[in-house]
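In: Generate coordinates for the sequence data below:
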Amino acid sequence: MAVKPQVLAAISAAIQEFMLEEELAMQAAAVMAPAAPPGPPPNLWGLAGRQAAMQLRTLMQRRSLR
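Out: Next comes the predicted model:
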């Protein structure tokens, strides 16, 4: 069953209009949305402690600690 050219044109126009509306809505949402406040700074002492614990575990798994 072949689609009539008029129906195909109407479908194409509807899809194009829908995509344009979606793009405009996304642009408007990006402009209106306030920027999120920055999070807390990373805890460097905590990161260093976790890294040391992971390194010790790796050494123990390899039995290199002896």
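
In: Please count neighbours and contacts with C-alpha atoms only from this point.
Out: Noted.

In: Pull out the buried residues from the helix or strand hosting A48.
Out: Following DSSP states H and E, one finds A48 within helix 44-62. Buried positions in helix 44-62, judged by neighbour count with 16 or more other CA atoms under 10 Å: none.

In: Likewise for stretch 12-21?
Out: Of the residues in stretch 12-21, none is buried (16+ other CA under 10 Å).

In: centre of the chain versus it, how much separation?
Out: On the basis of CA atoms, centre = their mean, to the nearest Å, stretch 12-21 sits 26 Å off its chain's mean C-alpha point.

In: and it, average pLDDT?
Out: Averaging pLDDT along stretch 12-21 yields 96.

In: chain center to the longest helix anywhere in the chain, what's the gap?
Out: Secondary structure of the chain per DSSP state H: the longest helix is helix 5-32. The chain centroid and the centroid of helix 5-32 are separated by 23 Å under CA atoms, centre = their mean.

In: so where's the protein shaky on pLDDT?
Out: Along the chain, the model assigns pLDDT under 70 to residues 65-66.
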